[in-house]
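J.: one predicted model, sequence on top.
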Amino acid sequence: MTSAIATTGLTKRFGKRTAVDAIDLDVPDGSVYGFLGPNGSGKTTTIRILLGLAAATAGSVQVLGERIPDGAGTVLPRVGALVDGPAFHPYLSGRDNLVRLDAADRTASPADRRHRIDVALERVGLAAAAGKNYRAYSQGMRQRLGLAAALLRPRELLVLDEPTNGLDPQGTREVRNLVSEVATAGTTVFLSSHLLSEVDQICTHAGIMRSGSLVAQGSIGSLRAALTTRLRIDTRAREDAVDVLRRMGLGDAVADHQGVVGELGSAAAEDVVEELVKSGIPVRQAIVERPGLEELFVALTGEGFDVDE
Amino acid sequence: MSTSDLAQAAVPAEPVDRTRFAVPGRFLASELALLLRRRRNLAMLCVLAAAPVIVGLALRASSSSDDSGAPAFLGQVTDNGLFLGFSGLMLLMPFFLPLSMSVVSGDSVAGEAGSGTLRYLLIVPVSRGRLLAVKYASCVLFGLIATVLVVTSGMVAGAVMFSTGDVTLLSGTSIGFGETLWRALLMAGYAAVLLAGLAAIGVFVSTLTEVPVAAMASVASIPVLSQILGMIPQLSWLHPWLLTDTWRVFDDFLREPMMTDTIGRGLLTHVGYAAVFFSLAWARLTSRDVTN
């Protein structure tokens, strides 16, 4: 599988501060890649370098098989991007803003511009407000216009930096659907976010940033495998249940106010339940707790809400 | 967001031919339209167009007996209204025309950077060199529009308010209407070249900051500084190279034959200013990180 984005040792320093520290991104072709990390962990800086807006201090960047920034002129027309929030001319309408961006694109056909703009506005649900001045748009509408700009042409890669910022729950769902739809059609999506549920639901791959370093990367499955699955048993007979669980090899089985819980390890949940019942322990409920990205994220980046230095 | 019926729009693009739709001037036209649609710029153009009219009205209202302290031209306006076009340019060149250019050129790159639209233009992609060329060209065209507007407004207002006819030049000879228009056009063109020199400085300053107002103010102060330096006799060696040294030679267009020495020097120094500062702007913009 080739890579839509591949970096080696990508580093960005601002003076003494290292914002991005030797990261090796590998975004497979056709994947939906969630780029996660707390605020200030270097996500947006990385994206700016990927798009040729900023120069890397060290390391190399390849996007769609071309080196950045040298190949930016041939690569960027195939890339749609939303970086660090939408930005448009306030006194132009949404549509006129798109016309302006398209007029600046030497590789876009003026013949079907109107049609492409209509389709893009329609896709982000902004067709009705296309004639309004950008300054009259709400935060959510601005975000949608930014997405429309990214979708002005068929793209091989979409780079979306916090695409659901400022959107209501309905809008968030629409963006998720849009991303899935675009991905189904074969476009690779590189999605930065700090909303884990968002990434959990639509991503096939993820990379996790912490203080400028990429601390984990891989398919969602392989990332999850790194965490242990736990079995929770809801029962009155907690003491006895803990004994059985320990006997079955569930290492750190403990009782808590709801029942007992232990790391499942290599044991099968069915066997454990069967053993419990055989031992005369009434089992009200048995739940296999698979770790979500959230657990992984917290395990890798720490619980705190502190912004990274 | 409607769903699957539009999904086919997202098929991966075929390899891109970079120059397939490279119609030169499409981006420039868009840029110029944006410039001329801004209310602030329109207001400046309105003031520029109104200034010669106001001067004409003032001249008409006054009894015209006392014009001792007035510039050389103004007295002639009442004899021949077409002179109002020339006078307008002479009156506005020291201050208001360069101020307008400072606003437009100072805003050119800094305005896009400040509002964040610069990053979206660059990822369209627009190469930084092309962006700078389009920004500079639109400033130069704005300057040309402004100077032609001033001359046109002055000549039309003058023709309405005063008598017209053959124009008597400063050297005594008369020229016909066609020749008068030609000289007016030359003067407007010359003023536009002067403004183009300032525009290059403005675009350069504009690449240094993300705060457009700071860039505008800095650029506006440059002609003032230049004029102050021009008044210090000890710096006379510097004077021929000052930006504003050739900003008041419009008389030379109205002699027969035209005196082209100072005009030529003005054109040369301003092309020089434009080359130097455009290069600096290019060096700056192509090497900087766009972090806003």
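T.: Arrived safely, thanks for sending. Numbering: from 1, shown residues only, chains lettered A, B, ... in the order given.

J.: low-confidence ranges in chain A?
T.: Scanning chain A for pLDDT under 70 picks out the ranges A:1, A:303-309.

J.: residue ranges for the strands of chain B, please.
T.: Here chain B has its strands, by DSSP state E, at B:167-168, B:174-175.

J.: if I look at B:Phe277, how far off is A:Ser60?
T.: B:Phe277 sits 34 Å away from A:Ser60, taking C-beta to C-beta, to the nearest Å as the criterion. Every residue, glycine included, has its C-beta placed from N, CA and C.

J.: between these two, who's got more neighbours?
T.: Relative neighbour count places B:Phe277 above the other of B:Phe277 and A:Ser60, with 20 against 12, counting by other C-beta atoms under 10 Å in any protein chain shown.

J.: my guess is that one meets B:Val203, correct?
T.: Yes: taking C-beta atoms under 8 Å as the contact criterion, B:Phe277 and B:Val203 are neighbours in contact, 7.2 Å apart.

J.: surely A:Arg100 forms part of a helix?
T.: Yes: residue state for A:Arg100 (DSSP: H, G, I helix; E, B strand; the rest coil) corresponds to a helix.

J.: that one against B:Leu34, yeah?
T.: Yes: the criterion here is C-beta under 8 Å, and A:Arg100 meets it with B:Leu34 at 6.8 Å.

J.: between these two, which is the more surrounded one?
T.: It is A:Arg100, of A:Arg100 and B:Leu34, that has more neighbours when counted by other C-beta under 10 Å, with 22 against 17.

J.: residues contacting the more buried one?
T.: The neighbourhood of A:Arg100, defined by C-beta atoms under 8 Å, 6 or more residues apart in numbering or on different chains, consists of A:89, A:92, B:30, B:34.

J.: just put those residues in a markdown table and tack on distance to A:Val79.
T.: Output for those, formatted as a markdown table (distance: C-beta to C-beta, whole Å):
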| residue | distance to A:Val79 |
| --- | --- |
| A:His89 | 22 |
| A:Leu92 | 23 |
| B:Ser30 | 21 |
| B:Leu34 | 24 |
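
J.: which non-adjacent residue is nearest residue 250?
T.: Using chain A here. Nearest in space to A:Leu250, with sequence neighbours left out and distances taken as C-beta to C-beta, 6 or more residues apart in numbering or on different chains, is A:Gly262 at 3.3 Å.

J.: my question was about chain B, not that one.
T.: The shortest distance from B:Phe250 to any non-neighbouring residue, by C-beta to C-beta, 6+ apart, is to B:Met90 (5.1 Å).

J.: do B:Glu31 as well
T.: In space, B:Glu31 comes closest to B:Ser138 once its chain neighbours are excluded; the distance is 4.4 Å by C-beta to C-beta, 6+ apart.

J.: tally of neighbours for the residue lying closest to A:Ile281 once chain neighbours are set aside?
T.: In space, not counting the residues next to it along the chain, A:Ile281 is nearest to A:Ala237; the distance is 4.7 Å by C-beta to C-beta, 6+ apart. With neighbours defined by other C-beta under 10 Å, the count for A:Ala237 comes to 19.

J.: for chain B, see how far away A:Ala237 is.
T.: 51 Å (C-beta to the nearest C-beta, to the nearest Å).

J.: does A:Asp21 count as helix, strand or coil?
T.: On the basis of three-state DSSP, A:Asp21 is classed as strand.

J.: scan chain A for its longest helix.
T.: Taking residue count as the measure and DSSP state H as the definition, the longest helix of chain A comes out as helix A:169-184.

J.: that one near chain B anywhere?
T.: Yes: Helix A:169-184 comes into contact with chain B when judged by C-beta under 8 Å from any C-beta of the partner chain, the residues involved being A:174-175, A:177-178, A:181-182, A:184.

J.: backbone dihedrals for the residue nearest to A:Ile281, please?
T.: When read as degrees, to the nearest 10, the backbone of A:Ala237 gives phi -90, psi 70.
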